[in-house]
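Q: Fold the stuff below for me.
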Amino acid sequence: MSVILAAKRTAVVPRGGAFSRLEIEELGAPVVQALLAAAGISASSVDELICSNALGAGGNPARRVALAAGLPKRVAGLSVDRQCAGGLDAVLIARALVDSGAAEVVIAGGAESYSRRPLRLRTDPEGGAAVAYDQARFTPWAERDPEMAEAAFALAERLGISRAAQDQWAVESHAKARVCEGEIVAVAGQVRDVFARGLSLVVASRAKLVCGSITAANTAVAADAAGFVLVVSDRVAAGRGLRILGGVTLGGDPEEPGLAPVVAIRAVLKRVGVSAERVEVAEIMEAYAVQAMACVTGAGLDVARVNIGGGALSRGHPIGASGAVLAVRLFYELRAGIGLAAIAAAGGIGTALLVKR
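A: Residues are numbered from 1 along each chain as shown. The predicted structure follows:
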């Protein structure tokens, strides 16, 4: 059985902040180096590095991070793009490599710079001017490919989750946020998540509307960050770390991407033979408050055990790195028992990871 032996990340910094001039490898390499140092594993022992990146323009970011971190040149690097779910998917791929015997030491996670993301243009086959766009297509059907905020609002309407309830969730996310000692690697002088604040319901009620009940207060801000975990074999772990009990990525309704993690959570719990009541700590992505609320309720989780140190609403959403940040947070928050991390992705995709300490 594969094991998460160590976990590290940068601070999560809103776009345009202290990380705005950093390249992907400048975010990721210090984390990789700190990760190996924390585990007492030499760079020469690494078999592969898997890095999720959703907003870049190719170039194999994983290879760039591996080289910048001083890993052996034989470590090819595998880049993953499953949008928001990619950081957790990288961990599941690492687990598969280790469990199959194809590798013993794999670094997995994500690195994303919203600040440095390339401009996107779609060429005109008729030779006209290229057309700029922001959101990529997530389905082949234009009428079934909602903008993410619109999908969140539609979910809130269908489930009867009010703006006040969403704002309350956001307020509590900020209130629970704390200094994450030990897990954050200093990059560009940043040693803590800088977005968390004393958000109140009064302030939240004045937030800019995005779509219906979806506002700037109950939506995670775009951010820059990197996070990685070290997935190793039982032999290398020697009794240390978090055992990976299971993980799954499943597709759901592309028109309701926020609910996809519910299917994944139920599937991994059933596969492992664990009830939701046994989950001691859960890290659930808060791209939107309503999405997190719907997933907690739909999966039957105890809300008091969810995002106990705050969530993405109080940190930010570095897209391809967000799932990795959840895995790192889970590594440090779970003192004993069973832990869960889950995330939704555009296009109706949900990923869930189950671990035990």
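
Q: residue boundaries of the strands in the stretch 251-357 of the chain?
A: 279-284, 338-345, 349-356 (DSSP state E, counting those that start in this stretch).

Q: of all those, which lies closest to I244?
A: Among the strands of the stretch 251-357 of the chain, the nearest to I244 by C-beta to C-beta is strand 349-356 (5.6 Å). From N, CA and C alone the C-beta is placed, and that goes for glycine too.

Q: Would you mind getting the angle between that closest one and strand 338-345?
A: Per axes from the mean of the first three to the mean of the last three C-alpha atoms, to 10 degrees, the angle that strand 349-356 makes with strand 338-345 is 170 degrees.

Q: got the strands of the stretch 251-357 of the chain as TSV, with distance to D145 columns?
A: Listed next are the strands of the stretch 251-357 of the chain as TSV, based on distance: least, C-beta to C-beta, whole Å:
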stretch	distance to D145
strand 279-284	24
strand 338-345	14
strand 349-356	13
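
Q: What segments of this protein are strands?
A: 3-9, 13-14, 48-52, 78-80, 105-113, 121-122, 131-132, 209-211, 214-215, 223-232, 242-251, 279-284, 338-345, 349-356 (DSSP state E).

Q: Okay, buried residues for the last one please.
A: By that I understand strand 349-356. I349, G350, T351, A352, L353, L354, V355, K356 (16 or more other C-beta atoms under 10 Å).

Q: Dump the residues you listed to CSV, plus distance to A223 and pLDDT.
A: CSV is the format used below for the buried residues of strand 349-356 (distance: C-beta to C-beta, whole Å; pLDDT from 0 to 100):
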residue, distance to A223, pLDDT
I349, 20, 95
G350, 21, 97
T351, 19, 98
A352, 22, 98
L353, 21, 98
L354, 26, 98
V355, 25, 98
K356, 30, 98
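
Q: give me the low-pLDDT residue ranges for this structure?
A: 57 (pLDDT under 70).

Q: which stretches of it form helices?
A: 24-39, 61-68, 86-100, 148-159, 163-176, 201-205, 234-237, 260-272, 289-299, 322-333 (DSSP state H).

Q: so which of those comes closest to V3?
A: helix 234-237 (3.9 Å).

Q: With distance to P261 added, can I get the strands of the chain in CSV?
A: CSV is the format used below for the strands of the chain (distance: least, C-beta to C-beta, whole Å):
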stretch, distance to P261
strand 3-9, 20
strand 13-14, 24
strand 48-52, 16
strand 78-80, 18
strand 105-113, 17
strand 121-122, 30
strand 131-132, 31
strand 209-211, 21
strand 214-215, 18
strand 223-232, 18
strand 242-251, 9
strand 279-284, 7
strand 338-345, 4
strand 349-356, 4
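
Q: And these: which comes nearest V171?
A: The nearest among the strands of the chain, by C-beta to C-beta, is strand 214-215 at 12.2 Å.

Q: partner strands of the closest one, parallel or antiparallel?
A: Applying DSSP bridges to the sheet, strand 214-215 is found paired with strand 209-211 (antiparallel).

Q: Show me what counts as buried in the strand it pairs with.
A: Buried residues in strand 209-211, counted by 16+ other C-beta under 10 Å: V210, C211.

Q: Then stretch 5-19?
A: 5-15, 17-19.

Q: Which of these sits closest to T139?
A: Nearest member of these to T139, counting by C-beta to C-beta, is R15, at 26.0 Å.

Q: I figured I50 was touching A90, is that so?
A: Yes. Applying C-beta atoms under 8 Å as the test, I50 and A90 come out as touching, 4.2 Å apart.

Q: thought A299 was touching A260?
A: No. The pair A299 / A260 is not scored as a contact, 11.4 Å apart, by C-beta under 8 Å.

Q: who's more crowded, the two?
A: A260 (29 against 22; other C-beta atoms under 10 Å).

Q: That one contacts A342, correct?
A: No. With contact defined as C-beta under 8 Å, A260 and A342 do not form a contacting pair (9.4 Å).

Q: what touches both of the two?
A: Common contacts of A260 and A342, defined by C-beta atoms under 8 Å, 6 or more residues apart in numbering, comprise G350.
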